[in-house]
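Novice: Quick one: sequence and predicted model below, then my questions.
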Amino acid sequence: MIRRTKIVATLGPSTDKPGTLKKMIAAGLDVVRVNFSHGVAGDHIRRVKEVRECAHELGKEVGVLADLQGPKIRLEKFREGKVFLEEGARFVLDIRCDADDGDINRVGITYKELPNDVKQGDVLLLDDGAIVLSVNGVTDDTIDCEVVVGGQLSNNKGINRQGGGLSAPAITDKDRADIKTAADIEADYIAVSFPRNAGDINEARRLLHEAGGQGGIVAKIERAESLHGIEEIIAASDAIMVARGDLGVEIGDAELPGVQKHLIQLSRSMNRVVITATQMMQSMIENQIPTRAEVFDVANAVLDGTDAVMLSAETATGKYPVKVIEAMARICTGAEKQKVTTISRHRMDSEFQHVDEAIAMATMYAANHLNVKAIAALTESGSTVQWMSRISSSIPIYAMTRHESTRRKVSLYRGVYPMAFYISNGTDYIEVNRSVLNVLREQGVVEVGDLVIITKGDLMGILGTTNVMKIVRVGDY
């Protein structure tokens with residue numbers, strides 16, 4: 001089987017070790033995540049350069065996802081690096097506290113407007129919910145709390161308000177600088193952290209275009225309030241990420257599984273790509289094999305229809321970055337053997353808005369009801385194969401394009417495989433079909449007698465002009 005679900009892995013110190021990145025790509029890595037929450041611009045530029053060099057050597061297209069830090073609301077630092085908070089103790093979040101002068105009684109916070117966002121009775125969750133504070137009182141400068149769930153608390157841990165509602169803007173000054181870096185490295189996707197509404201997505205797209213970037217925009221769904229306007233956020237985005245860390249803290253872990261399933265289904269119904277992320281293979285930061293719970297977590301996301309599953313610390317700082325990709329690839333392939341992953345009634349009752357969209361849907365219907373070995377889509381922007389990839393199927397979709405940026409972009413789409421293809425605009429249709437089949441045969445995808453569906457446009461080389469679907473048999477040309 002060819003694995004259809006894509007694997008996104010985060011770069012970091014563990015992937016910097018000589019030879020590691022090439023082994024990760026060979027093991028099945030499809031898209032790398034550059035995390036702007038850590039490191040400096042030079043680190044990201046160097047790593048992306050190495051990714052593209054390794055991918056070129058291996059003859060594979062690997063996408064780049066630049067993940068903005070966003071308004072992560074954090075504690076400042078403690079004098080001793082950490083404290084232990086006892087249940088029932090008083091603890092104060094104090095905007096006047098020096099950045100490195102926290103102690104067992106109080107600590108500074110990075111977001112100075114936080115006292116304006118909370119009130120008596122609110123619950124604050126620190127370190128992804130490991131520490132729980134109840135707000136007893138608020139002044140202009142301080143938030144006076146009682147420790148409800150105690151434990152060890154160290155520097156720079158995150159702060160969430162249960163139920164959401166913090167007012168920090170999604171795009172920070174740091175993000176604006178990082179967007180310019182992302183444009184410079186020609187990132188294929190930019191992930192916006194903590195978007196509140198579609199306006200945050202539109203602003204990020206505008207800033208990226210002003211910086212000369214052409215990548216897609218990924219909305220990270222991690223605020224409780226973003227769920228209230230989720231359809232508008234998805235519509236404004238090219239993809240979403242179900243960022244289960246902060247989202248789970250804000251809405252509660254018991255609500256998270258149902259929300260994840262809904263977000264995956266909704267994104268696919270709206271013809272958008274979806275990534276499932278956070279702690280998917282967390283134990284493999286230290287261990288060489290995943291837990292059974294992690295196997296089920298990854299497999300369930302695949303069965304629900306996610307386009308990609310993502311690794312964070314597992315590859316960035318974990319001990320076994322190659323083995324975790326091998327394990328994730330194995331789990332995805334196993335889950336895709338289930339019949340539910342190849343059955344679809346997607347948009348069966350919908351009216352199509354574009355000719356190329358109708359061609360994409362007709363192609364998938366024909367492929368799923370005919371013994372077709374492969375789909376070859378000649379594409380400029382990748383939009384046709386994106387529509388195709390929303391239909392559950394076991395038939396591989398080859399995005400054949402001359403544009404390297406398009407090949408990298410579609411590396412995130414479920415069931416889509418980028419392939420370099422160059423053809424002159426004046427070439428006649430028979431010669432185009434012959435060239436497509438020759439490329440597929442050279443790659444070992446098809447053999448004589450196999451059926452292939454080819455989609456293309458009368459006006460090749462122009463965006464949005466796919467208007468032809470042709471079913472051909474290998475060997476007839």
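Specialist: Received it, and whenever you're ready, just let me know what you need. Numbers count the residues shown, from 1 in each chain.
Novice: only C-alpha atoms for contact and neighbour calcs from this point on.
Specialist: Noted.
Novice: elements contacting the helix or strand containing Lys49?
Specialist: Following DSSP states H and E, one finds Lys49 within helix 41-58. Using 3 or more Cα pairs under 8 Å, 6 or more residues apart in numbering; DSSP states H and E, the elements in contact with helix 41-58 are helix 20-27, helix 173-184.
Novice: Where do the strands of the stretch 351-477 of the chain begin and end?
Specialist: For the stretch 351-477 of the chain, the strands defined by DSSP state E, counting those that start in this stretch occupy 372-378, 397-401, 416-420, 451-457, 466-473.
Novice: For Gly81, find the nearest of those.
Specialist: Of all these, strand 416-420 sits nearest to Gly81, with 46.9 Å by Cα to Cα.
Novice: okay, that closest one in CSV with CA atoms only?
Specialist: Coordinates of each C-alpha in strand 416-420 appear next as CSV, following Å, rounded to 0.1, in the frame of the first residue of the first chain:
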residue,chain,number,x,y,z
VAL,A,416,-1.8,13.2,-3.3
TYR,A,417,1.8,12.5,-4.5
PRO,A,418,3.7,15.3,-6.3
MET,A,419,5.5,14.5,-9.5
ALA,A,420,7.6,16.8,-11.8
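Novice: Could you list the residues in contact with that strand?
Specialist: Outside strand 416-420, the residues that touch it by Cα atoms under 8 Å, 6 or more residues apart in numbering are 4, 61, 385, 389, 396-404, 407-408, 410-411.
Novice: which ones among those residues are found in helices?
Specialist: Among the contacts of strand 416-420, DSSP state H puts Val385, Ser389, Glu404, Arg407, Arg408 in helices.
Novice: pLDDT score assigned to the third one?
Specialist: Right, the one you point to is Glu404. Listed pLDDT for Glu404 reads 95.
Novice: how many other residues sit next to the nearest residue to it once chain neighbours are set aside?
Specialist: Distance criterion Cα to Cα, 6 or more residues apart in numbering; nearest residue to Glu404, sequence neighbours excluded, is Ala420 at 7.7 Å. Counted with other Cα atoms under 10 Å, residues neighbouring Ala420 total 15.
Novice: Also Cys54?
Specialist: 21.
Novice: and what of the one 10 residues further on?
Specialist: In terms of burial, Val64 registers 29 neighbours under the definition other Cα under 10 Å.
Novice: now Glu80
Specialist: Neighbour number of Glu80 under other Cα under 10 Å is 13.
Novice: Now do the phi/psi pair for it.
Specialist: With angles defined as degrees, to the nearest 10, Glu80 sits at phi -100, psi 10.
Novice: Spatially central residue for the protein, please.
Specialist: For the chain, Ile275 is the residue whose C-alpha lies nearest the centre (Cα atoms, centre = their mean; 4.0 Å).
Novice: what about that one, is that helix, strand or coil?
Specialist: Recorded secondary structure, Ile275: strand (DSSP: H, G, I helix; E, B strand; the rest coil).
Novice: Buried members of the contacts of strand 416-420 into PyMOL, please.
Specialist: PyMOL command restricting the contacts of strand 416-420 to the buried ones, with burial defined by 16 or more other Cα atoms under 10 Å:
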select buried, resi 4+61+385+389+396+397+398+399+400+401+402+403+407+408+410+411
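Novice: Chain neighbours aside, what residue packs nearest to Cys54?
Specialist: Nearest to Cys54 is Lys22, by Cα to Cα, 6+ apart, at 5.5 Å.
Novice: dump the residue contacts of the one you found.
Specialist: By Cα under 8 Å, 6+ apart, the residues touching Lys22 are Val51, Cys54, Ala55, Leu58.
Novice: Now do it against Asp30, distance only.
Specialist: Distance, Lys22 to Asp30, by Cα to Cα, to the nearest Å: 12 Å.
Novice: which residues touch Asn300?
Specialist: Ala335.
Novice: which SSE is it in?
Specialist: Asn300 is located in helix 292-304, with elements delineated by DSSP H and E.
Novice: quick check: angle from that helix to strand 273-277?
Specialist: 170 degrees (axes from the mean of the first three to the mean of the last three Cα atoms, to 10 degrees).
Novice: Neighbours of the closest residue to Ser312 other than its chain neighbours, how many?
Specialist: Among residues not flanking Ser312 along the chain, Thr10 sits closest, at 5.1 Å (Cα to Cα, 6+ apart). By other Cα under 10 Å, the residues close to Thr10 number 24.
Novice: ok, Thr10 to Asp178 distance?
Specialist: 17 Å.
Novice: cool, and Arg47?
Specialist: As judged by Cα to Cα, Arg47 and Asp178 stand 15 Å apart.
Novice: quick one: which of those two has more around it?
Specialist: Comparing Arg47 with Asp178 by other Cα under 10 Å, the one with more neighbours is Asp178, at 22 against 18.
Novice: what's the spacing between the more buried one and Glu336?
Specialist: 37 Å.
Novice: now swap in Ala182 and tell me
Specialist: For Ala182 relative to Glu336 (Cα to Cα), the value is 33 Å.
Novice: can you check Lys261 too?
Specialist: 17 Å.
Novice: The two: which has the busier surroundings?
Specialist: Glu336 (22 against 17).
Novice: Wait, that one touches Val302, no?
Specialist: Yes: with contacts counted by Cα atoms under 8 Å, Glu336 reaches Val302, the gap being 7.1 Å.
Novice: how distant is stretch 431-442 from the center of its chain?
Specialist: 33 Å (Cα atoms, centre = their mean, to the nearest Å).
Novice: quick one: average pLDDT of that stretch?
Specialist: Here the average pLDDT along stretch 431-442 is 93.
Novice: Now do the buried residues in it.
Specialist: Buried, per 16+ other Cα under 10 Å, within stretch 431-442: Val432, Asn433, Ser435, Val436, Leu437, Asn438, Val439, Leu440.
Novice: As CSV, these with distance to Leu114 would be great.
Specialist: As requested, the buried residues of stretch 431-442 are exported to CSV (distance: Cα to Cα, whole Å):
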residue, distance to Leu114
Val432, 61
Asn433, 61
Ser435, 61
Val436, 58
Leu437, 60
Asn438, 62
Val439, 58
Leu440, 57
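Novice: Could you list the low-confidence segments of the chain?
Specialist: 342-350, 425-427, 459-464 (pLDDT under 70).
Novice: What are the structural domain limits within it?
Specialist: Annotated domains of the chain cover 6-70+170-337, 82-161, 355-473 [automatic domain parsing].
Novice: quick one, which of those domains is nearest to Glu76?
Specialist: With respect to Glu76, and counting by Cα to Cα, the nearest of those is domain 82-161 at 4.9 Å.
Novice: how long is the closest one end to end?
Specialist: Start-to-end span of domain 82-161 (Cα to Cα) is 22 Å.
Novice: And for stretch 160-176?
Specialist: First-to-last residue span, stretch 160-176, Cα to Cα: 23 Å.
Novice: ok, and what's touching it?
Specialist: So stretch 160-176 is in contact with 68-71, 73, 111, 113-114, 117-118, 122-126, 128, 192-196, 200, 204, 207, 223-225, 246, 249-252, going by Cα under 8 Å, 6+ apart.
Novice: Can you verify my assumption that Asp98 contacts Gly108?
Specialist: Yes: Asp98 lies in contact with Gly108 (Cα under 8 Å); the separation is 6.3 Å.
Novice: Looking at these two, which has the bigger crowd around it?
Specialist: When Asp98 and Gly108 are compared for neighbours, Gly108 comes out ahead with 25 against 14, by other Cα under 10 Å.
Novice: need the contact list for the more buried one.
Specialist: Counted by Cα under 8 Å, 6+ apart, Gly108 has contacts 75-77, 93-102.
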